[in-house]
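Asker: only geometry, no sequence info:
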C-alpha cells in the first residue's frame, strides 16, 4: 500500500468513527426535547459517511483499497495526531479504577480543528465501557468508593445540565442503580462539556468524569493546563515539534506523549520517578528518583574550633 493510500485509510477510519459517534448521539436525542440538535447530529453523521465514501472511491480509482471499518482510529491533527491513541489513552486514564486515582485524567483540551471528531470517537468509546462487579472479567469499571463520591459526581453532572446550551453531557452523567448495581455505588463513565471558565475545570472530583473543550492551538492548551493549581501528571498527543514544546513548557511532574496505554496514568515504579509540581507536591522532587533517598536524610552543618594546646 502506498503512503498516500495509508493516509487515506487513516482518514477514512477517522471519518467512520465520527459517523458512528454522531449517529449514536442522534439516536439518543430522538424523542427528546431537542429535535434540532438530533437533526444536526444526524446531518453530521451523513456528512462524514459521504466524505468517507468519496475517499474510498478515489482510492479505488488509483488501484488502492483504503476501505476499513471504523475502530476509533485515524491520523489527523496536522497529519500526526492519532485519534485512536488519544481516545484510548483518555478513556484508560479517566475511567480506570473509576477515576479514583491521583493521576486520573479529568480535563482534556483539544485543538479545534479535530475537536468534533475526537469527541465523537471518545463518546463512542466511553459508551462501550462495561460497568459492574469488578471481580468479573466482563466489567471494565467498578463502583466509586462511597456515597460521598456519588454525591460529588451527581453534583458535577447537575452543574453541567444547569448550563443549558452552554454545556452538555456527551455521555453518562447518571447514577447506575438498576438490578445488581443497586447494591453498590455505581455511576456511568462521563464525558462532559462546559465553558472554560466554569469552576469544574479546576476541581478534582476523584470520579469517572472528564471535561473536554476546544482550544485554538497547542500553546493555548498548554497555557490553560499550566493555569491550574495542580501539576501532578499531564499527557499530550501531537507531532514531534509540538511534543518537544509540550515537554519544555508543561508544569507537571510526570508527563507523557502519544501514549495509548494511558494519557496521564501508568508510571512504572523503578523506572519513572513520580511526583508533582505546584499544588500536587511540596519539594518538586519525585519519588524513586535520584533525589529519593536524600528526602529521608537530615542535613547537619558542623562547625568545630580547635586550639593548639
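Answerer: Great, that's in hand. From a predicted model like this one, the values you see are computed outputs, not experimental measurements. Numbers count the residues shown, from 1 in each chain.
Asker: outline the domain layout of the protein.
Answerer: What automatic domain parsing lists as the domains of the chain is 3-71, 77-265.
Asker: quick check: mean pLDDT of the first one?
Answerer: The predicted model gives domain 3-71 an average pLDDT of 72.
Asker: what's the answer for the longest one, then?
Answerer: When pLDDT is averaged over domain 77-265, the result is 94.
Asker: so residue 211 bridges to which residues?
Answerer: In this entry, residue 211 is beta-bridged to residue 107, residue 192, by DSSP bridges.
Asker: before we move on, back to that, any idea which of the domains of the chain is most buried?
Answerer: With neighbours taken as mean count of other Cβ atoms under 10 Å, the domains of the chain reach their highest mean count in domain 77-265, at a mean of 19. Placement of C-beta: from N, CA and C, glycine included.
Asker: coming back round to it: export the domains of the chain to TSV and append columns for distance to residue 302.
Answerer: Listed next are the domains of the chain as TSV, based on distance: least, Cβ to Cβ, whole Å:
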stretch	distance to residue 302
domain 3-71	65
domain 77-265	33
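Asker: closest one to residue 297 among these?
Answerer: domain 77-265 (21.0 Å; Cβ to Cβ).
Asker: wait, isn't residue 117 in contact with residue 84?
Answerer: No - in terms of Cβ atoms under 8 Å, residue 117 does not count as a neighbour of residue 84; the distance is 11.4 Å.
Asker: where exactly do the helices run in the stretch 51-200 of the chain?
Answerer: For the stretch 51-200 of the chain, the helices defined by DSSP state H, counting those that start in this stretch occupy 77-80, 83-95, 115-127, 147-162.
Asker: tell me the spacing between the closest residue to residue 276 other than its chain neighbours and residue 308.
Answerer: Computed as Cβ to Cβ, 6 or more residues apart in numbering, the closest residue to residue 276 that is not its neighbour in sequence is residue 232, at 3.7 Å. According to Cβ to Cβ, to the nearest Å, residue 232 stands 57 Å off from residue 308.
Asker: how close does residue 181 sit to residue 267?
Answerer: Counting by Cβ to Cβ, the gap between residue 181 and residue 267 amounts to 32 Å.
Asker: residues touching the nearest residue to residue 177 once chain neighbours are set aside, list them.
Answerer: Spatial nearest neighbour of residue 177, excluding adjacent residues (Cβ to Cβ, 6+ apart): residue 186 at 6.9 Å. The contact partners of residue 186, by Cβ atoms under 8 Å, 6 or more residues apart in numbering, come to 131, 132, 142, 143, 144, 175, 176, 177.
Asker: try it again with 10 Å
Answerer: For residue 186, the contacting residues are 98, 131-133, 139, 141-144, 150, 174-178, 180, by Cβ atoms under 10 Å, 6 or more residues apart in numbering.
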